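Colleague: pasted the sequence and its predicted model underneath.
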Amino acid sequence: QRFRFCGDLDCPDWVLAEISTLAKISSVKLKLICAQVLRDLLGETMEYEKILKLTSDAKLELGDVKATIAVLGFILSSAAKHNVDGESLSSELQQLGLPKEHAAGLCRSYEEKQSSLQDRLRACSLRLSRLGSVGWRVDYTLSSSELREVNEPLVHLNFHLRDGERAGPVAIPMVLSAEKFRVLLA
Amino acid sequence: MLLVLSEEQKAHLGCLPRVGDAAVGELGRLAMELLRRGAAPRACEAAAKKLNVGVDTVQQGVEGLAYLLTESSKLMISEIDFQDSIHVLGFSDELNKLLLQLYLDNRKEIRSILSELTPKLPSYHSLEWRLDVQLASRSLRQQIKPAVTIKLHLSQNEDQTAQVLQTDPSTLLHLIQQLEQALGEMKTNHCRRIVRNMK
C-alpha cells in the first residue's frame, strides 16, 4: 500500500514495527516528545533527558527510546519533504495502526512547524559552494619597464566562497584588464 | 597443523613452570589484557612483585603466552594439535591442561579482536543528492538539461572525505541497473552453491 508521506512508496518495515512502540506512550507525552524531535530537526538542541523522563512511565528500554526518536524524526521530516498536510498525515498514520489521539497530537505539532521545517530542509539541501562576498579594487597603471606611458586601468576581484567542497572559506583572486572586465559584465 | 615455536619463544615460555600453576592463570589474564588493550607495564610489575620473580620474566612470559594464544586462535588449531605443539616445551600435564583451557576459553574473543585488524577501504557514510534543470547558459538560451548532483560521504578509520559527482538522469538509471544486476548475481546457482557450502 502506498503512502503519501513516504513519497508514494511503501512504508518502510522498521517504521511499521515501531508504530506499536509509539502506541505504548500516552498521547500527551507523545506530543511533548514530538516537540523535542522537532527541535532537533530544526537544528536546535534536543533535550534528551526530558525524553528519557517522558518515556520512563511507559517503561521503554533504551533501544526503544532511540527507536521512538528515529521513527518520529522519519515521519516528520518525510512528511515535510513530500509536503503532506496534517490531515492526510493523520489519516495515513491511523491506517498504519497509530491510535487516533496519538495521530491527532502528532499532526498538530507537525502542522505548527511545517513551514519552518521545510525552510530548514531547503537550507540543508546540497549546495556545493556559496558566494560570500566580492571584493574589488581598480588600479591605474601609469608606466612599466616595457612602455613609458601605459595609462591602463586594471581591475582586481576577490571572490570569497563559503562552505565549498573543502569546507571552510576559500578566496579566489583574479586580475582583469578593462576590456576583459567589460566582456565579463556584458 | 602444528605450531612451530622459535627458541626465543620457548625460552620466554620456559618461565611458566617456575611460577606455579596459579600464577599461570594470572599471566594468562595479563596476556588477554595485552591483546585487548595493549601493553600494561604497571600490571606486569605488580604481578612480578606478587609472584616474587623479575619483571622481565613476567613480561616475557606474558608476551610468549600472548603469541601462543594468537597464533593458535588465528590458525584455529584443534585441541590435539595444540597439545602436540606445547608438548615440545616439556611442561607438566597440569600445566598443559591449563594452557589448553586458556586457549579454548579465549579463542572466540581473540578471533573477534583479530578480525578487526584487517585493512579497510573507505566505506559508505551517507549520500546527499540534488536534481537540477539547466534552463539557459551564456552560449545557449532556452534549454532543458536535467542533472543529478551527488555528494558521497565516505569514512575511513575516522577520516571523513566527500566526493562530488554529477550525472544526467539516464546515466544514473544505467548505473542503478548495473548495480541491481550485481545484486542479482547473488541469486544465481553458482553463488547460491558457494553460500550454502560456506554455511
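Modeller: Yes, it's here.

Colleague: and the helix or strand where A:Ala23 lies, what does it pack against?
Modeller: A:Ala23 belongs to helix A:13-24 when assigned by DSSP states H and E. Applying 3 or more CB pairs under 8 Å, 6 or more residues apart in numbering or on different chains; DSSP states H and E, one finds that helix A:13-24 contacts helix A:62-81, helix A:86-96. The way it works is simple: take the backbone N, C-alpha and C, and place the C-beta from them, glycine included.

Colleague: among these, which is nearest chain B?
Modeller: Of all the helices and strands packed on helix A:13-24, it is helix A:62-81 that lies closest to chain B, at 12.6 Å by CB to the nearest CB.

Colleague: which residue would you name as the spatial centre of chain A?
Modeller: A:Leu121 (2.9 Å; CA atoms, centre = their mean).

Colleague: separation between that one and A:Asn83?
Modeller: Distance of A:Leu121 to A:Asn83, given as CB to CB, to the nearest Å: 11 Å.

Colleague: and A:Leu38, by the same measure?
Modeller: 17 Å.

Colleague: residue of chain A nearest chain B, please.
Modeller: For chain A, CB to the nearest CB, closest residue to chain B: A:Leu126, 4.2 Å.

Colleague: quick revisit: tilt between the helix holding A:Ala23 and helix A:86-96?
Modeller: 90 degrees (axes from the mean of the first three to the mean of the last three CA atoms, to 10 degrees).

Colleague: can you list the domain ranges for chain A.
Modeller: A:4-124, A:130-185 (the TED database).

Colleague: helix or strand right after the longest helix anywhere in chain B?
Modeller: Ranked by residue count under DSSP state H, the longest helix found in chain B is helix B:93-115. Note on helix B:93-115: by DSSP H and E, the next helix or strand toward the C-terminus is strand B:123-134.

Colleague: so for B:Leu99, which of the domains of chain A sits nearest?
Modeller: Nearest to B:Leu99, of all those, is domain A:4-124, at 39.8 Å by CB to CB.

Colleague: how far does the closest one stretch from one end to the other?
Modeller: 22 Å (CA to CA, to the nearest Å).

Colleague: cool, stretch B:80-94 as well?
Modeller: 15 Å.

Colleague: now do the same contact list for the closest residue to A:Gly97 other than its chain neighbours.
Modeller: With CB to CB, 6 or more residues apart in numbering or on different chains as the criterion, A:Gly97 has its nearest non-adjacent residue at 5.1 Å, and that residue is A:Ile19. Residues near A:Ile19 by CB atoms under 8 Å, 6 or more residues apart in numbering or on different chains: A:71, A:93, A:96-98.

Colleague: confirm A:Cys34 sits in a helix?
Modeller: Yes: A:Cys34: assigned to a helix according to DSSP: H, G, I helix; E, B strand; the rest coil.

Colleague: for the nearest residue to it once chain neighbours are set aside, pull up the helix or strand it's in.
Modeller: Leaving out its chain neighbours, the residue that sits closest to A:Cys34 by CB to CB, 6+ apart is A:Ser109, at 4.3 Å. For A:Ser109, the host element (DSSP H and E) is helix A:100-124.

Colleague: and the contacts of that helix?
Modeller: Residues contacting helix A:100-124 (CB under 8 Å, 6+ apart): A:22-23, A:25, A:27-28, A:30-31, A:34-35, A:38, A:41-43, A:72, A:75-77, A:79-81, A:83, A:85-87, A:89-91, A:93-94, A:98.
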